[in-house]
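Visitor: Test case, fold it:
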Amino acid sequence: MKRVLISAFLIVSMLLPALAQEKGKEQKLQELEQLEQQVKQATIPDTPVSAAGDTLVAEAEDLLVAAAEHTPVTTAEDTLVAAAEDTLAVIMAEDEEIAVVVSDDADDTSTVRIGEIVTIKNTDDETIIRIGRKGVRVYDEGDSTEIDFVDKEYGKKERGRTGRHFYGHLGGIEIGYNNFSTATWLKNDAPIAGYLDLNTSKSINFNIVSPPASMGFTRHFGLVTALGISFNNYRFEGNNSITVDEGGIISPLFPADPVRYDKSKLATIYGILPVVLEVQIPVSRGSSINLGAGVIGAVKLGSYTKVVHYNNGKQKEKNHEDFNLNMLRYGVTVRAGYEMVQVYGTCYLSPMFEKGKGPELYPFEVGIAVTIND
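Guide: Residues are numbered from 1 along each chain as shown. Okay, the predicted model is just below:
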């Protein structure tokens with residue numbers, strides 16, 4: 001009941017006395033259509049205000065007086081009253097016809113626009129009133145009535161309730177572990193060559209992904225894609241690195257005695273393009289659990305090996321070569337999370353090395369992502 005009174009007061013103050021929260025939808029539309037016909041037949045003058053205008057202003061002033069005399073007004077309501085008064089002044093000062101547009105949208109949503117200044121959107125459980133770039137949202141929260149202030153763009157709370165735009169969760173920073181298997185879908189049909197054994201805890205994957213582009217099929221289901229760069233470090237467990245032998249085949253590289261590698265890794269850099277179908281399951285106002293699955297493509301940007309050893313002091317050696325890595329690769333990716341925090345997994349279905357020029361390995365990675373688009 002409190003939300004109805006607040007909404008009715010705001011709407012009357014903005015020259016829409018017909019939009020009352022307690023009346024049925026059909027009655028509201030009929031009254032608004034009558035108001036539209038009356039407004040279209042007259043132009044508000046600079047000085048004397050028409051009788052209809054006097055009546056509307058008087059009604060707004062009566063509401064202000066009644067609210068001041070009988071109901072304690074909170075800080076938020078004071079702000080709304082001031083906004084209503086400012087809107088009346090602006091609308092009455094305009095020396096042009098005021099266009100009133102009434103539309104009946106999907107999901108039982110009614111929208112009213114007065115010129116380019118005021119927009120009112122009403123549903124069964126909330127009313128959103130916009131004045132220029134700012135607005136207020138009056139809605140029922142259990143047994144109480146709440147008021148939120150919203151910007152011109154769809155705010156987080158508004159998106160979760162009435163927004164029609166789909167926003168995917170993909171862009172951001174991802175960090176995890178990477179490894180490889182000897183067959184697709186993480187199968188190991190054959191043992192991995194000893195010189196390719198990895199120190200899993202130190203084989204780190206790091207991705208930087210741009211803000212995504214989203215295409216919604218519904219408010220909670222759509223397609224999302226983005227561009228990114230993937231850094232993969234494959235940390236070797238043994239005292240070896242890798243090289244390309246005279247026959248053009250990947251083979252192990254061992255240091256000369258008595259040198260022992262303290263660190264040895266293969267690093268790859270790929271540009272990536274994931275395309276994910278995402279479904280969002282609302283769990284609270286404006287928040288959701290997000291589930292996504294799709295495909296991913298990648299193009300190689302660089303690769304090198306790096307070893308660190310101690311021989312007459314600390315020595316670092318880098319070798320920038322191609323290492324017969326496939327220029328292009330593709331795979332599948334899945335992710336799940338709550339709001340901006342996700343877990344992700346990517347499994348590549350194309351081999352890591354060119355066919356016949358290295359062991360048949362299929363890279364994969366798992367980790368945690370923090371999106372920055374929410």
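
Visitor: C-alpha from now on. contacts and neighbour counts both.
Guide: Fine.

Visitor: I'd assumed Gln37 was in a strand, is it?
Guide: No: assessed with DSSP: H, G, I helix; E, B strand; the rest coil, Gln37 is helix; it does not lie in a strand.

Visitor: Quickly note the distance from it to Lys121.
Guide: 20 Å (Cα to Cα, to the nearest Å).

Visitor: quick one, which of these two is more surrounded?
Guide: Higher neighbour count among Gln37 and Lys121: Lys121, with 19 against 11, using other Cα atoms under 10 Å.

Visitor: Tell me how far that one lies from Tyr139.
Guide: Counting by Cα to Cα, the separation of Lys121 from Tyr139 is 12 Å.

Visitor: Same check on His220?
Guide: 21 Å.

Visitor: Then Val279?
Guide: For Val279 relative to Tyr139 (Cα to Cα), the value is 26 Å.

Visitor: next one: Ser214
Guide: For Ser214, the distance to Tyr139 - Cα to Cα - is 28 Å.

Visitor: Same question for Ser181.
Guide: Distance from Ser181 to Tyr139, counting by Cα to Cα: 53 Å.

Visitor: so which strand or helix has the nearest residue to Asn122 once chain neighbours are set aside?
Guide: Leaving aside its sequence neighbours, Asn122 sits nearest to Ser110 (Cα to Cα, 6 or more residues apart in numbering; 5.2 Å). Using DSSP states H and E, Ser110 falls within strand 109-114.

Visitor: What strands flank the helix or strand just after that strand, and is each parallel or antiparallel?
Guide: Later in the chain than strand 109-114, the nearest helix or strand by DSSP H and E is strand 118-122. With DSSP bridges as the test, strand 118-122 is paired with strand 109-114 (antiparallel), strand 126-131 (antiparallel).

Visitor: Out of these, indicate the one that is most buried.
Guide: Of the strands paired with strand 118-122, the one with the most neighbours on average (mean count of other Cα atoms under 10 Å) is strand 126-131, at a mean of 22.

Visitor: Where does the prediction get shaky in this structure?
Guide: Low-confidence segments of the chain, defined by pLDDT under 70: 1-29, 31-32, 35-36, 38-108, 115-117, 132-133, 141-144, 148-164, 373-374.

Visitor: Report the residue ranges of every domain in it.
Guide: Annotated domains of the chain cover 2-161, 172-371 [automatic domain parsing].

Visitor: isn't Val283 right up against Ile289?
Guide: Yes: contact criterion Cα atoms under 8 Å: Val283 and Ile289 qualify, at 6.9 Å.

Visitor: So between those two, which is more surrounded?
Guide: Using other Cα under 10 Å as the criterion, Val283 and Ile289 rank with Ile289 on top: 17 against 11.

Visitor: mind listing what the more buried one touches?
Guide: Shown in contact with Ile289 (Cα atoms under 8 Å, 6 or more residues apart in numbering): Gln280, Ile281, Pro282, Val283, Ala336, Gly337, Tyr338, Glu339.

Visitor: partners of it in the sheet?
Guide: Counting by DSSP bridges, Ile289 forms beta bridges with Ile281, Tyr338.

Visitor: gap between it and Met340?
Guide: Ile289 sits 10 Å away from Met340 when distances are taken as Cα to Cα.

Visitor: so where do the helices sit in this structure?
Guide: With DSSP state H as the criterion, the chain has helices at 2-13, 25-40, 51-70, 75-93, 156-161.

Visitor: give me every residue that touches the nearest residue to Phe236 once chain neighbours are set aside.
Guide: The shortest distance from Phe236 to any non-neighbouring residue, by Cα to Cα, 6+ apart, is to Leu198 (4.5 Å). Going by Cα under 8 Å, 6+ apart, Leu198 touches Asn179, Tyr234, Arg235, Phe236, Glu237, Gly238.

Visitor: same thing but 6 Å
Guide: Arg235, Phe236, Glu237 (Cα atoms under 6 Å, 6 or more residues apart in numbering).

Visitor: Surely the last one touches Ser201?
Guide: Think Glu237. No: look at Glu237 against Ser201 with Cα atoms under 6 Å: they stay out of range, at 10.4 Å.

Visitor: Between these two, tell me which one has more neighbours.
Guide: Glu237 (19 against 10).

Visitor: What is the burial count for Ser288?
Guide: 18.

Visitor: Quick one: residues contacting it.
Guide: Going by Cα under 6 Å, 6+ apart, the list of residues near Ser288 reads Gln280, Ile281, Pro282, Glu339.

Visitor: I'd like the distance between Gln37 and Gln30.
Guide: On the measure of Cα to Cα, Gln37 and Gln30 end up 11 Å apart.

Visitor: residues near the closest residue in space to Val295 that isn't next to it in sequence, how many?
Guide: Excluding the flanking residues, the one nearest Val295 by Cα to Cα, 6+ apart is Val332, at 4.3 Å. Residues contacting Val332 under the criterion other Cα under 10 Å number 19.

Visitor: what pairs with Val332 across the strands?
Guide: Counting by DSSP bridges, the residues bridging with Val332 are Val295, Cys347.

Visitor: Could you report the separation of it from Leu291?
Guide: 14 Å.

Visitor: go on, Gln30?
Guide: Distance of Gln30 to Leu291, computed by Cα to Cα: 43 Å.
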